[in-house]
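Chemist: Requesting a structural model of the entry that follows:
(2 chains)
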Amino acid sequence: MKIINSFPYELSSEDIRFKVKDDNKYILNLKEDSEVYVSVFIEGDNTENVSLEINVNKYSTLNLVLFTLNVKSYVLNINLYESSVLNLTTTDSINSDSTVDKNINILGRNSNVSVYEFISSRNSDVKKGTSNLNHFAKDSTSNGTFMYLSKDTSYITRDVVSNVIEGMVNSTSTENIKGVLLGDYARIDAKPILKIALDDVHVSHGCAIGTIDSNEVYYLMSRGLTREDALKMICFSLISPVLKAPKNDEFRELIRGYLEEEIK
Amino acid sequence: MSQLVIKDLWVSADSNMILKGVNLTISSEDTVALMGPNGSGKSTLAYTIMGHPDYKVEKGSILFDGEDILNMSVDERSRKGLFLAMQSPYEISGVTNRDFIKQASDKRIKENGKPLSIYKFAVKLDKAISDLKMDKDLADRYVNEGFSGGEKKKNEILQLKMLEPKFAILDEIDSGLDVDAVKIVSDNVNNLKKENNIGLILISHYHRLYEYIKPTHAVVLINGQLVKEGGSELIDEIDKYGFEPIKREAGIEDEVTLLEECAFKVTSK
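Modeler: Model (predicted):
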């Protein structure tokens, strides 16, 4: 994994890692007509007001795994230009309150976005923020899966917004939110929001928040798994798409420890 | 030889008494057809044996190889050698079939005190998938998610083959399967019976399954009570005449019939 400290940085298929500081902005660019698979490890120290911008230029495909560690507040802006594709898997690990706002901005037509976001909270932490799928161009598609896991007395509050502005015909957007509560006092407020300014679009949303399905636990136990193993397996299922996404085993093993700690 | 002994079993769900004093003894050499009209309590009996929390045992006992399993948790019963192939298997998103079956296998199948090696497990899984003529990619798909009805049922039998229980209850395993798939599933169950000598309880509404998997005897459950036992001729009799003659013989009247009679009497007055 390459450690970088100079920005703007041009993305390639080499995984990167960098440290962030309070109130700083970091820019990553993917050049035109390219396709990369890259994992990015961003490390802070309870760092606040970080701004991260990623530009996916024309005719390019970015398969990105984004992991942030100990970043207390940041804004992520990903800008997609004409005929570009983004496959984003994103998650964070921080053992305190945090605020994360993510804006996926489709700026060029014929662009496609697919997002898998996993956020977990534990102890009495509050995790808040917004995930916006902004359709600022015609003929664009966005699909988002948003998985939240709240434990102990923690609280996750997030708005997931599909925003299709006037004139952006032939847009498609779906957002699916699943929230799992582990603990009698754990809370999740997740709002699936559709802001649609025209008729010629296809949008849908779904949101299901609850405790782990007792039938799923029963099914696993009926095959010999203990209750503890069954619960662990179901919780792990939330992070398995994150662990499968990196191409590089080194990166996968690096984030596995943090994620396992999150859901333990 | 394993033995399952059910004694005077009374079970309720949502405050309704469903099983009312069921007595049944099955050994691992038996293949029992558990028959009965819809709502008679067949699945309740299956789930009660397998410890589903929605069913409350009010009275009675279930002994498996001499041990009362009612105090055991679901997973303990499973590791003891019981298996329920479910009528409507649950979907578990994010958990692959392979990971799930490997972990379950590790809990149950030991070679020299150790779980099967990854290689041996993979070979065994590949063979089981091939025996069942399943798509190979089903092993790496999430448990039952997006599976057709038939694929889900085959997946139950896949787990049965991989986990090698002493006793299995197959609850409507033929529903959702096409004619060829019923034959494939039946062949696999028959082979398992031959190789591992597992006790079987079959629940099905269709005579076809009993043509492929030959029961050693049949029992009929109506209104939560076992009202008749017999050999395979009983299955033919039910296929031909339905459950009405057995109900009459046992002096059981449908609730609907009773209500109709009451309504008639009220109207007559």
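Chemist: Please name the nearest non-neighbouring residue to residue B:149.
Modeler: residue B:176 (3.0 Å; Cβ to Cβ, 6 or more residues apart in numbering or on different chains). Bear in mind the C-beta positions are built from the backbone N, C-alpha and C, glycine included.
Chemist: Report how many residues lie close to that neighbour.
Modeler: Using other Cβ atoms under 10 Å in any protein chain shown, residue B:176 has 17 neighbouring residues.
Chemist: contacting residues for it?
Modeler: By Cβ atoms under 8 Å, 6 or more residues apart in numbering or on different chains, the contact set of residue B:176 is B:148, B:149, B:150, B:152, B:153.
Chemist: What residues does the stretch 101-250 of chain B have near chain A?
Modeler: B:101, B:103, B:104, B:107, B:108, B:142, B:143, B:159, B:163 (Cβ under 8 Å from any Cβ of the partner chain).
Chemist: Strands along the stretch 51-200 of chain B, start to end?
Modeler: In the stretch 51-200 of chain B, the strands defined using DSSP state E, counting those that start in this stretch lie at B:56-64, B:67-68, B:82-85, B:92-96, B:110-111, B:114-115, B:142-143, B:167-171, B:199-203.
Chemist: The longest one - what's its average pLDDT?
Modeler: Put plainly, it is strand B:56-64. Averaged over strand B:56-64, pLDDT sits at 97.
Chemist: on that earlier part again, filter the contacts of residue B:176 down to just the ones in helices.
Modeler: B:149, B:150, B:152, B:153 (DSSP state H).
Chemist: Give me the buried positions along the longest helix along chain A.
Modeler: Looking across chain A with DSSP H, the single longest helix is helix A:227-244. Buried positions in helix A:227-244, judged by neighbour count with 16 or more other Cβ atoms under 10 Å in any protein chain shown: A:229-243.
Chemist: Report the beta-bridge partner residues of residue B:61.
Modeler: Note on residue B:61: beta-bridge partners residue B:7, judged by DSSP bridges.
Chemist: my guess is it contacts residue B:67, does it?
Modeler: No - shown here, residue B:61 and residue B:67 do not form a contact pair, counting by Cβ atoms under 8 Å, at 10.2 Å.
Chemist: re earlier: any idea how far residue A:223 is from the residue nearest to residue B:149?
Modeler: Noted for residue B:176: a distance of 20 Å to residue A:223, by Cβ to Cβ, to the nearest Å.
Chemist: ok, now residue B:119?
Modeler: Taking Cβ to Cβ, one finds residue B:119 at 22 Å from residue A:223.
Chemist: which ones are touching the residue of chain A found nearest chain B?
Modeler: Nearest residue of chain A to chain B (Cβ to the nearest Cβ) works out as residue A:237 at 2.6 Å. Residue A:237 sits next to B:92, B:93, B:94, B:95, B:142 when contact means Cβ under 8 Å, 6+ apart.
Chemist: What of residue A:31?
Modeler: For residue A:31, the contact set (Cβ under 8 Å, 6+ apart) comprises A:10, A:57, A:60.
Chemist: Name the nearest residue to the first one, ignoring sequence neighbours.
Modeler: Computed as Cβ to Cβ, 6+ apart, the closest residue to residue A:10 that is not its neighbour in sequence is residue A:29, at 5.4 Å.
Chemist: Can you verify my assumption that that neighbour contacts residue A:62?
Modeler: No - if you go by Cβ under 8 Å, residue A:29 and residue A:62 don't touch, sitting 10.1 Å apart.
Chemist: Kindly indicate whether residue B:234 is helix, strand or coil.
Modeler: helix (DSSP: H, G, I helix; E, B strand; the rest coil).
Chemist: Also residue B:237?
Modeler: Classified using three-state DSSP, residue B:237 is helix.
Chemist: how near is residue A:74 to residue B:192?
Modeler: For residue A:74, the distance to residue B:192 - Cβ to Cβ - is 56 Å.
Chemist: actually residue A:156, not the one I typed
Modeler: Residue A:156 is 46 Å from residue B:192, where distance means Cβ to Cβ.
Chemist: So these two - more neighbours on which side?
Modeler: residue A:156 (23 against 19).
Chemist: who does the more buried one bridge with?
Modeler: Assigned bridge partners for residue A:156, using DSSP bridges, are residue A:127, residue A:188.
Chemist: hang on, the earlier thing: what is the nearest of the contacts of residue A:237 to residue B:32?
Modeler: Checking the contacts of residue A:237 against residue B:32 by Cβ to Cβ gives residue B:92 as the nearest, at 29.9 Å.
Chemist: Next, count neighbours for the closest one.
Modeler: Residues near residue B:92, counting by other Cβ under 10 Å, number 23.
Chemist: In this structure it contacts residue B:146, no?
Modeler: No - with contact defined as Cβ under 8 Å, residue B:92 does not count as touching residue B:146 (11.9 Å).
Chemist: follow-up on the earlier one: so can I have CSV of the strands of the stretch 51-200 of chain B showing distance to residue A:95?
Modeler: Putting the strands of the stretch 51-200 of chain B into CSV (distance: least, Cβ to Cβ, whole Å) gives the following:
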stretch, distance to residue A:95
strand B:56-64, 42
strand B:67-68, 46
strand B:82-85, 41
strand B:92-96, 24
strand B:110-111, 39
strand B:114-115, 34
strand B:142-143, 30
strand B:167-171, 46
strand B:199-203, 50
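Chemist: Now stretch A:56-67: buried residues?
Modeler: By 16+ other Cβ under 10 Å, the buried positions in stretch A:56-67 come out as A:56, A:57, A:59, A:60, A:61, A:62, A:63, A:64, A:65, A:66, A:67.
Chemist: quick one, what contacts residue 9?
Modeler: Just so you know, I chose chain A. A:16, A:26, A:27, A:28, A:29.
Chemist: was after chain B, sorry
Modeler: B:19, B:21, B:22, B:23, B:45, B:48, B:57, B:59, B:60, B:61, B:62.
Chemist: With residue A:247 instead?
Modeler: A:13, A:37, A:39.
Chemist: again, only this time at 6 Å
Modeler: residue A:37 (Cβ atoms under 6 Å, 6 or more residues apart in numbering or on different chains).
Chemist: Secondary structure element holding it?
Modeler: Using DSSP states H and E, residue A:247 sits within no helix or strand.
Chemist: quick check, the residue nearest to residue A:10 in a strand?
Modeler: Yes - assigned with three-state DSSP, residue A:29 falls within a strand.
Chemist: Okay, now the unreliable bits of chain B?
Modeler: B:254-269 (pLDDT under 70).
Chemist: which residues in it form helices?
Modeler: B:42-49, B:74-80, B:97-108, B:118-131, B:149-163, B:179-196, B:207-212, B:232-241, B:244-250, B:255-268.
Chemist: Nearest to residue A:252 among the ones you listed would be which one?
Modeler: Taking the helices of chain B one by one with Cβ to Cβ, helix B:97-108 is closest: 15.3 Å.
Chemist: from the chain's centre, how far out does that closest one sit?
Modeler: 20 Å (Cα atoms, centre = their mean, to the nearest Å).
Chemist: Quick one: list the elements packing against it.
Modeler: helix B:149-163 (3 or more Cβ pairs under 6 Å, 6 or more residues apart in numbering or on different chains; DSSP states H and E).
Chemist: which pair in the buried residues of stretch A:56-67 spans the largest distance?
Modeler: Comparing every pair within the buried residues of stretch A:56-67 by Cβ to Cβ identifies A:59 and A:67 as the most remote, at 27.0 Å.
Chemist: Can you check the distance spanned by stretch A:14-25, start to finish?
Modeler: Start to finish, the residues bounding stretch A:14-25 are 21 Å apart (Cα to Cα, to the nearest Å).
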